[in-house]
Structure formats: structure tokens, C-alpha cells
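Chemist: Structure, please.
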Amino acid sequence: VIVVIHESGNLITAKLFHVYCYEFSFGMGPLLWKRQKGETQYSIRALPVGGYVSMAGEPDGDEAYPDIHVDPKRTMNGIAPWKKIIIMLAGVFMNFLLAWVIISMVLLSNGTYSLAPKPVVDAVVAGSPAETAGFEAGDVIKTVQFSDGTVIHPKTFYDIVTFSNSETGEMTYTVERSGAVLELKVTPVYDEESQAYKIGLKIPDGETVSINLLNCWGYGAGYLADTTREMLTSIVRLFRGTGLNQLSGPVGIYTVTKETVAMGFKSFLILVAILSLNVGIFNLLPLPVLDGGRVVITIGEWIAHKPLNKKVETGLMTACWALLIALMIFVTWNDITRLVSGS
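Modeler: Model (predicted):
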């Protein structure tokens, strides 16, 4: 569903701008089924690990259909740069839209929603690292700096918990107390019961609100905004070498999906929404083989008034594919290792 939704965004906008589309494919590899509708072939291929839209003016599309001659004005190179950018980002937009609709509908079906609590200390556990560091009830947490140098400005307490539960090094909290700004350093300890690292801060209760057909969209957007912020922080930390062991690929996704389905249909829908959001954000990364990278190249060509040197473009594409393949091997190894160890 996520792949079809993403690629349908590219297809719809391409046809809207009269770009010739050779094929809309679900899956990769050998062809299993196809149907011609108008000028576009709709197909299902053997490996359900992705999908694509072959458009005129793109090397893969033109090479796959050399016998089809297309008016240059109907190719990706023959349309205005801003139209190309819209086509490239349409798939990402559809991923975000899918996630938003799913989360909003799940909240509506629940009838209520517990808002994430503000980053204010409710209480301090006696004898904990937080008490030793000098935390007090009522402290407003402004920033948290982790041991790898990452700094977050939490909007909710969950922004902190998401990352601090796996943090083993010293963290620096900047808090506001009675108008004064204080800097507190604290190192978490491992809690056997929760199997996470804790410093001993108690989280205040979040406000519970009633959900209806009018406000579910706003709260759904807020939920996704919080999740997106966490994902972006995670990506920044990955580039700093933190959290690499937590990356997952298809094997891990299968395992998580199996566990989530056992928790109920709503939990499964939320997972679909989160995965769709992941796909959208990942595709925005400025790598030439992804939508975000293609947008960057298009903007650069637009400003320079000339196309990128083909040798440079091919070199960038090859390097990025090598990186993505290496990443896939790494995350698959992570997943298999976790399966074998049972963690």
C-alpha cells in the first residue's frame, strides 16, 4: 500500500503535466502481470520490495522502451523545472497524506487522545541520579545535550524519553527554575524492570481531550509532527554514529509487523502510518538516487541554466547506490543478529 500510494503521487502529477509515462510498476524484477491502459503499462513484478514509474526523459524509462518515440515537450527534460520538482515530491506528499489520514482516523475511532505532557519535571525519585544532579519538581526543561553532542529542544517530555532511554553517557540538561536558568549534568543508570536507562524524573500526566470529526485532523497532524521531529533527530544522531545498532530493514519490519498485528488492527494501522512517514522522510534525503537528491540537482541545474555533467551525475548515482546497498546489508545483518540473539 505504501509503495503504491507513493508511486501513484508521481504518476498522477506526471500525467497532470502531460509527461509520457511508459510504465507504472508495483514490485521489481521479472514481470508477472501487465495491462496496457492508454499509453501506460500497469504491471506487477516478482519482488515486492519497491515500485516505480518509468517516465519519458529519464534514462531508465527511455532505455527500457527505445521503440516508443515521444514528443520532447512531453519528457521530464521538456517541462519547466518547477513542474519536475512537483512530480518528484508528489510521492513524498502522498506518504505524508496516507500517514495523516490513518492517524487521524485511528484517533477518531478511539474517541479520546492523551496529549504529550510538557517538558516539566513532575517529581524526582529519591536516591536517583536526577536527585544527585540537583533536579527539582517544577523544573522546565529547555534543552538536553546527549553524550554524542546532539542537542534537542523538547516540546514535550516524550521528546526526551525517546532518546534518553537508550543513552548511557553523561547528559546536560538546561532547565528554568523560578526565572533562573541552570545547567545540570547527569548520567543515567540501567533499570532492570523497564530495561531502559533512567535518571529518575517523573513525567507529569498529559491532558486527555475528546476527539471528533473536526478536530481529529489537527491532533493527527500534531502526532505526526512530534514523530517527524523524533525521526529527524534520530537521523542526525545516526550520522554521528549513535543508534546504528537500532536500524532495521525488511527482516526487522516483518518481525515488528508480526508483533504489531498480534496487538490489534489499530496498532497495525499506526505502524503502517509510521512506516509511510519513514518512507517519505527517507526519500527527502539529499541523495541523487532519492527524490530529495533529484530535487537538489534540478534546482542546481535551474540556477546554472545547464544540466549536470553526465559523468558527474553517473558517478554520484553509482556512489549512492553503493551506499544504499551497503546500508541494506548492514541493517539486514542487524535484523538477523537480533533474531538469533532473541533481543
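Chemist: hey, let's count contacts and neighbours off CA atoms from now on
Modeler: Will do.
Chemist: For the helix or strand of the chain with the lowest mean pLDDT, buried residues please.
Modeler: The helix or strand of the chain with the poorest confidence is helix 59-64; it has a mean of 82 (mean pLDDT, DSSP states H and E). Judged by neighbour count (16 or more other CA atoms under 10 Å), helix 59-64 contains these buried residues: G61, D62.
Chemist: Against which helices or strands is that helix packed?
Modeler: With contacts taken as 3 or more CA pairs under 8 Å, 6 or more residues apart in numbering; DSSP states H and E, helix 59-64 sits against strand 40-55.
Chemist: Just the C-alphas of the strand it packs on, formatted as CSV.
Modeler: Extracted in CSV, the C-alpha atoms of strand 40-55 (Å, rounded to 0.1, in the frame of the first residue of the first chain):
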residue,chain,number,x,y,z
THR,A,40,0.9,3.5,-19.8
GLN,A,41,1.5,-0.1,-18.9
TYR,A,42,0.4,-1.1,-15.4
SER,A,43,2.4,-4.1,-14.1
ILE,A,44,3.1,-6.3,-11.1
ARG,A,45,6.6,-7.7,-10.8
ALA,A,46,8.1,-10.6,-8.8
LEU,A,47,9.9,-8.8,-6.0
PRO,A,48,7.6,-6.7,-3.7
VAL,A,49,10.4,-4.5,-2.5
GLY,A,50,9.5,-1.3,-4.2
GLY,A,51,8.0,0.1,-7.3
TYR,A,52,8.5,2.8,-10.0
VAL,A,53,7.0,5.0,-12.7
SER,A,54,9.0,5.0,-15.9
MET,A,55,8.8,8.4,-17.5
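Chemist: circling back to that earlier point, show residues contacting the least confident helix or strand of the chain.
Modeler: The contact list for helix 59-64 (CA atoms under 8 Å, 6 or more residues apart in numbering) reads Y22, S54, M55, A56.
Chemist: Does the third one touch Y22 like I think?
Modeler: Think M55. Yes: M55 is within contact range of Y22, at 5.8 Å (criterion: CA atoms under 8 Å).
Chemist: more crowded one of these two?
Modeler: More crowded of M55 and Y22, by other CA atoms under 10 Å: M55, with 24 against 21.
Chemist: So in terms of bridging, what pairs with the more buried one?
Modeler: Counting by DSSP bridges, M55 forms beta bridges with C21.
Chemist: how many neighbours does V70 have?
Modeler: Neighbours of V70 (other CA under 10 Å): 14.
Chemist: swap that for A326, sorry
Modeler: Using other CA under 10 Å, A326 has 12 other residues around it.
Chemist: and if you look at the one 5 residues further on?
Modeler: V331 has 21 neighbours, counted by other CA under 10 Å.
Chemist: Which strands or helices does the longest helix anywhere in the chain pack on?
Modeler: Assignment by DSSP state H gives helix 310-341 as the longest helix of the chain. Applying 3+ CA pairs under 8 Å, 6+ apart, one finds that helix 310-341 contacts helix 250-262.
Chemist: Off-centre distance for the very next helix or strand once past the helix it packs on?
Modeler: Following helix 250-262 in sequence order, the next helix or strand is helix 265-283 (DSSP states H and E). Helix 265-283 sits 8 Å away from the centroid of its parent chain (CA atoms, centre = their mean, to the nearest Å).
Chemist: between the helix or strand following helix 265-283 and helix 310-341, how big is the angle?
Modeler: Note on helix 265-283: by DSSP H and E, the next helix or strand toward the C-terminus is helix 291-304. Counting by axes from the mean of the first three to the mean of the last three CA atoms, to 10 degrees, helix 291-304 points 160 degrees away from the direction of helix 310-341.
Chemist: which outside residues touch helix 291-304?
Modeler: Contacts of helix 291-304 (CA under 8 Å, 6+ apart): 81, 84-85, 88-89, 283-288, 307-308.
Chemist: Could you rerun that using 10 Å?
Modeler: Identification of contacts with helix 291-304 by CA atoms under 10 Å, 6 or more residues apart in numbering yields 80-82, 84-92, 280-288, 305-309, 313, 317.
Chemist: And G292, how far from G27?
Modeler: Distance, G292 to G27, using CA to CA, to the nearest Å: 21 Å.
Chemist: I meant to write N309 there.
Modeler: N309 sits 31 Å away from G27, going by CA to CA.
Chemist: Can you pick out the residue with more neighbours from those two?
Modeler: Shown here are N309 and G27; by other CA under 10 Å, G27 has more neighbours (20 against 10).
Chemist: Can you name the residues that contact the residue positioned nearest the centre of the chain?
Modeler: The chain has N278 as the residue nearest its centroid, 2.4 Å off, counting by CA atoms, centre = their mean. N278 sits next to V92, N95, F96, A99, T227, T228, M231, V272, L284 when contact means CA under 10 Å, 6+ apart.
Chemist: Of those residues, which pair is most distant in space?
Modeler: Spatially, the most separated pair among the contacts of N278 is V272 and L284, at 18.6 Å (CA to CA).
Chemist: any low-confidence regions in the chain?
Modeler: Applying pLDDT under 70 to the chain flags residues 342-343.
Chemist: again, only this time at 80
Modeler: Scanning the chain for pLDDT under 80 picks out the ranges 49, 59-60, 166, 194-195, 239-246, 250, 338-343.
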